[in-house]
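Engineer: Give the three-dimensional model of this entry:
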Amino acid sequence: SVGVELDYLSNKTISTATNAKASSVTSIVAEARYKLGAITPILKVESSENQLNEDAATAGSFKRTGYAVAAEFVPKEGDNFRYHVAYAGVSDKYGQAGLANDTVKYNQIIVGFKYTGDILK
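Structural biologist: Now for the predicted structure:
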């Protein structure tokens with residue numbers, strides 16, 4: 001079976017300061033899963049931006065672009081225990097008026113397990 005999720009967030013705020021401009025946060029996250037028996041490949045991408053515009057002294061932005069490619073393994077159908085491995089990468093760009101813009105990039109491999117269930121029964 002195929003599963004697709006798409007999340008979109010948009011939020012704007014404006015300061016009470018004179019001549020203030022709206023600051024905004026926008027984010028789009030998409031995820032796709034494809035179940036192949038005991039293994040489920042997963043692809044996830046993100047694009048986000050935080051734009052601060054209240055006044056010239058604090059104007060700036062933060063942009064993130066990220067992705068993850070993962071696989072989830074369920075050893076026994078119907079079991080609450082899962083293993084997963086993922087390769088993820090992120091590029092963060094920081095910008096502020098009058099300052100140098102910096103970009104930080106990193107990649108990581110994540111290996112783990114997950115148990116979902118009621119442990120107090």
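
Engineer: in the protein, what spans have low per-residue confidence?
Structural biologist: Within the chain, the ranges that satisfy pLDDT under 70 run 15-20, 54-59, 97-100, 121.

Engineer: try it again with 80
Structural biologist: 14-22, 52-60, 78, 96-101, 118-121 (pLDDT under 80).

Engineer: what about the longest strand in it?
Structural biologist: strand 81-96 (DSSP state E).

Engineer: Please, which helix or strand holds the most centrally placed residue in the chain?
Structural biologist: What sits nearest the mean C-alpha location of the chain, by CA atoms, centre = their mean, is residue 46, with 4.9 Å. Remark: residue 46 resides in strand 39-52, with elements defined by DSSP states H and E.

Engineer: and if you look at residue 104?
Structural biologist: Per DSSP H and E: strand 102-115 holds residue 104.

Engineer: Contacts for that strand next, please.
Structural biologist: With contacts defined as CB atoms under 8 Å, 6 or more residues apart in numbering, strand 102-115 is touched by 70, 80-94. For glycine as for every other residue, the C-beta is placed from the backbone atoms N, C-alpha and C.
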